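Participant: With the sequence up front, the predicted model follows.
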Amino acid sequence: MPGRELLGVEGLTKYFPVKKRLFLSRARSFIHAVDDVTFTVHEGEIFGLVGESGCGKTTTGKLLVKLYEPTCGSIHLDGQDVIQIRRGARLREFRRRVQMIFQDPYESLNPRMTIFDIVAEPLAVQGVRSLVEREERVADMLSKVGLTPPETFMFRYPHELSGGQRQRVAIARAMVLGPEFVVADEPTSMLDVSIRAGVMKLLLELREVLNVSYLYITHDLAVARYMCDRLAVMYLGKVVEVGPTEEVIQEPLHPYTRALIAAVPVPDPTYRREPVEIKGDISAPIDPPSYCRFLPRCPIGDVTCESSPHPSLKEVRAGHFVACHRL
Ligand SMILES: Nc1ncnc2c1ncn2[C@@H]1O[C@H](COP(=O)(O)OP(=O)(O)O)[C@@H](O)[C@H]1O
Ligand code: SF4
Ligand SMILES: [Mg+2]
């Protein structure tokens, strides 16, 4: 660890316009869902994105797989400018290399398609004409995701499978083209607690077998701790802390990360921390002020924070970055 840089994200920003309620008002408002986010993911790495609901995790993931166009910023895959890829063969090639697994396996699979058709579809799009080859590759992939023997699954429909089996089908579909980078957006959060560990283990195994790197999105710090090599903590569209997983969980530096970890027990018997209260509620970042976004809830914020722009990330220890004026 770590390998070469696979994905480089710089200044990534996505604003969504807010529907106008007062027709008299001329000014447009925007939700700053992802705001000036910078990070890198290395080959073979699992890079975690954590934070409360609404902080911009899914939007970041969708930007990386080109389901959204960014407002500004850059994304590079192996040095290649991803935002410039628009259509045709280059977009097909990008789809082969980068895939996404969604949170809800009940919504992400077409109910009218058989498991074979669902997993084979990306192969067909990529021009694998031979039915025999498609069958072989789908069977191989179903075995790899633990749906064995594959023949018993191929011609069934999603509604005949359990949530865990459906998520395995979604994983097979994402992995069948041998991608290098996969965005996994809370892939176990909708599943029964008893089967979550199995799906997480599978994703870890596939990293080794298929040499794939992940952006792993979760709001669950215990899951992040189990899955991720490094973590980025997001708060209202901003990354506030980045570092090696164990360091961020055991020695969080940013007041938000500290509060997040204090609020949620992270399973480790040796771990003890005095609780820190997070005041107030998280709100949507609509036309946010220029000062630190955490100020309204920050227990150590002061007048300097209010009169300064939102702090940028700075490296306070090797590989451990924090965005706070007071650290
Ligand atoms: N398509 C969209 N249109 C308008 N607002 C959106 C859209 N998608 C997300 N948002 C808003 O952007 C913010 C970030 O959302 P999201 O990325 O889904 O967060 P998370 O995945 O961390 O819960 C939220 O305030 C959400 O309401
Ligand atoms: S910059 Fe100020 S308000 Fe923001 S997290 Fe640091 S201390 Fe708190
Ligand atoms: Mg989400």
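Facilitator: Perfect, I can see it now. Ligands and ions are numbered 1, 2, ... in the order given.
Participant: for residue 6, helix, strand, or coil?
Facilitator: Per DSSP: H, G, I helix; E, B strand; the rest coil, the local secondary structure of residue 6 is strand.
Participant: scratch that, residue 231 is what I was asking about
Facilitator: When classified by three-state DSSP, residue 231 comes out as strand.
Participant: Roughly how far does it sit from ligand 2?
Facilitator: 17 Å (Cβ to the nearest ligand atom, to the nearest Å). No exception for glycine: its C-beta is placed from N, CA and C like everyone else's.
Participant: so the closest residue to that residue other than its chain neighbours, which of the three states?
Facilitator: On the basis of Cβ to Cβ, 6 or more residues apart in numbering, the spatially nearest residue to residue 231 that is not a chain neighbour turns out to be residue 48, at 4.3 Å. Recorded secondary structure, residue 48: strand (three-state DSSP).
Participant: Pull out the buried residues from the helix or strand where residue 124 lies.
Facilitator: Following DSSP states H and E, one finds residue 124 within helix 115-125. For helix 115-125, the neighbour count (16 or more other Cβ atoms under 10 Å) marks 115, 116, 117, 118, 119, 120, 121, 122, 123 as buried.
Participant: What are the neighbouring residues in contact with the last one?
Facilitator: Read that as residue 123. Residue 123 makes contact with 133, 134, 137, 138, 176, 177 under the criterion Cβ atoms under 8 Å, 6 or more residues apart in numbering.
Participant: Enumerate the residues of the stretch 201-327 of the chain near ligand 1.
Facilitator: The stretch 201-327 of the chain has residues residue 284 near ligand 1, with proximity defined as Cβ under 6 Å from any ligand atom.
Participant: and the residue of the stretch 201-327 of the chain nearest ligand 1?
Facilitator: When Cβ to the nearest ligand atom is the measure, the stretch 201-327 of the chain has its nearest residue to ligand 1 at residue 284, with 3.7 Å between them.
Participant: Touching, that residue and residue 53? I think so.
Facilitator: No. Applying Cβ atoms under 8 Å, one finds residue 284 not in contact with residue 53, separated by 10.7 Å.
Participant: between those two, which one's more packed in?
Facilitator: In this view residue 284 and residue 53 are compared by other Cβ atoms under 10 Å, and residue 284 has more residues nearby, 13 against 9.
Participant: if you skip the residues just before and after it, what's nearest to the more buried one?
Facilitator: Going by Cβ to Cβ, 6+ apart, residue 284 has residue 31 as its nearest residue, at 5.5 Å.
Participant: SS state for the one you found?
Facilitator: What three-state DSSP gives for residue 31 is strand.
Participant: sorry, back to before: return the distance of the helix holding residue 124 from the chain's centre.
Facilitator: 24 Å (Cα atoms, centre = their mean, to the nearest Å).
Participant: again, but for stretch 121-128
Facilitator: Distance of stretch 121-128 from its chain centroid, counting by Cα atoms, centre = their mean, is 25 Å.
Participant: can you give me the strands for the stretch 151-300 of the chain?
Facilitator: Taking DSSP state E, counting those that start in this stretch, the strands of the stretch 151-300 of the chain run over residues 181-185, 213-218, 230-235, 238-244.
Participant: Any chance of TSV for those, columns mean neighbour count and mean pLDDT?
Facilitator: Formatted as TSV, the strands of the stretch 151-300 of the chain follow (neighbours: other Cβ atoms under 10 Å; pLDDT from 0 to 100):
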stretch	mean neighbour count	mean pLDDT
strand 181-185	25	98
strand 213-218	26	98
strand 230-235	26	98
strand 238-244	25	98
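Participant: check contacts around the residue most central in space within the chain.
Facilitator: For the chain, the residue whose C-alpha lies nearest the mean C-alpha position (Cα atoms, centre = their mean) is residue 217; its distance is 3.4 Å. When the contact criterion is Cβ under 8 Å, 6+ apart, the partners of residue 217 are 48, 49, 50, 57, 58, 60, 61, 183, 184, 185, 186.
Participant: Please name the nearest non-neighbouring residue to the third one.
Facilitator: Right, residue 50. Nearest residue to residue 50 in three dimensions, chain neighbours excluded: residue 224, at 5.0 Å (Cβ to Cβ, 6+ apart).
Participant: and that neighbour, how many neighbours?
Facilitator: Using other Cβ under 10 Å as the criterion, residue 224 is surrounded by 23 other residues.
Participant: Tell me if I'm right that it and residue 46 touch.
Facilitator: No. At 9.4 Å, residue 224 does not count as touching residue 46 under the criterion of Cβ under 8 Å.
Participant: Next, show the common contact partners of the two.
Facilitator: Residues touching both residue 224 and residue 46 comprise residue 216, with contact defined as Cβ under 8 Å, 6+ apart.
Participant: tally of neighbours for residue 14?
Facilitator: A count of neighbours around residue 14, defined by other Cβ under 10 Å, yields 23.
Participant: And it, what's its pLDDT?
Facilitator: The pLDDT attached to residue 14 in the predicted structure is 98.
Participant: Checking my notes, it in a helix, right?
Facilitator: No. With three-state DSSP as the criterion, residue 14 is located in strand rather than a helix.
Participant: ok, for it, nearest residue in space, not its chain neighbours?
Facilitator: With Cβ to Cβ, 6+ apart as the measure, residue 34 is the residue that lies nearest to residue 14, at 4.3 Å, once sequence neighbours are left out.
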